[in-house]
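Q: this is a predicted model, with the sequence first.
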Amino acid sequence: MPQPPPRDGADEVTPHDHAEILNHHLAIRRISDNHIVTDGAGQRRLSSMAFKPSSGTNGGMSVDIEPFIAAAGHAPREFVTTPEWMGSVFFVVGAVRAQALLVGYDPLPENDFHGEVWGAKTRGQWRQLQAIAAWYVEIPGTALA
């Protein structure tokens, strides 16, 4: 497992760039039906809201770190796909960092491979993330943008 992330006095993970998450690694964002909208032409597409950070203390966007999943012996595409999370997109970590965002490790009790992307606070930044995303587990009939 990777080195533990930095934590504050309340034991919350602090935003950071994790040294063991390399620029060529993939960060996977799980996609649910709530992230899909139908546009005026009747086409299904991902909403930029799929790239919005959580409302939690540090406001990161949840991701799974692909090499951590694989190193533990799991098949990453199967690991990130559940009935709730029927699809996913990925980012090359270096492209995320090129947007002046942080990519860090933030394990959860139910997911040792969880990470966060910190720093995307505006709709424009969410759209930039959407522009550099590609399907990891595609949802048929759904466009990325």
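A: Nice, thanks for sending it over. Numbering: from 1, shown residues only.

Q: tell me the confidence at the residue lying farthest from the centre of the chain?
A: Relative to the centre of the chain, the most outlying C-alpha is that of Ala41, 28.1 Å out, by CA atoms, centre = their mean. pLDDT for Ala41: 90.

Q: three-state assignment of it?
A: Secondary structure assignment for Ala41 (DSSP: H, G, I helix; E, B strand; the rest coil): coil.

Q: and it, how far from Ala143?
A: Using CB to CB, to the nearest Å, Ala41 is found at 11 Å from Ala143. For glycine as for every other residue, the C-beta is placed from the backbone atoms N, C-alpha and C.

Q: and what of Ile31?
A: Taking CB to CB as the measure, Ile31 falls 12 Å from Ala143.

Q: helix or strand right after the helix or strand harbouring Ala131?
A: In the assignment (DSSP states H and E), Ala131 maps to helix 123-132. Using DSSP H and E, the helix or strand that follows helix 123-132 in sequence is strand 134-137.

Q: what about that next one, distance to the chain center?
A: Distance of strand 134-137 from its chain centroid, counting by CA atoms, centre = their mean, to the nearest Å, is 11 Å.

Q: neighbouring strands for the helix or strand following it, and are they parallel or not?
A: For strand 134-137, the following helix or strand on the C-terminal side (DSSP H and E) is strand 142-143. For strand 142-143, the paired strands and their directions (DSSP bridges) read strand 44-46 (parallel).

Q: helix/strand/coil for Val89?
A: Put simply, Val89 is strand when judged by three-state DSSP.

Q: neighbours around it, how many?
A: For Val89, the neighbour count with other CB atoms under 10 Å is 26.

Q: for it, which non-adjacent residue is spatially closest?
A: Distances taken as CB to CB, 6 or more residues apart in numbering place Ala133 nearest to Val89, at 4.1 Å, with adjacent residues excluded.
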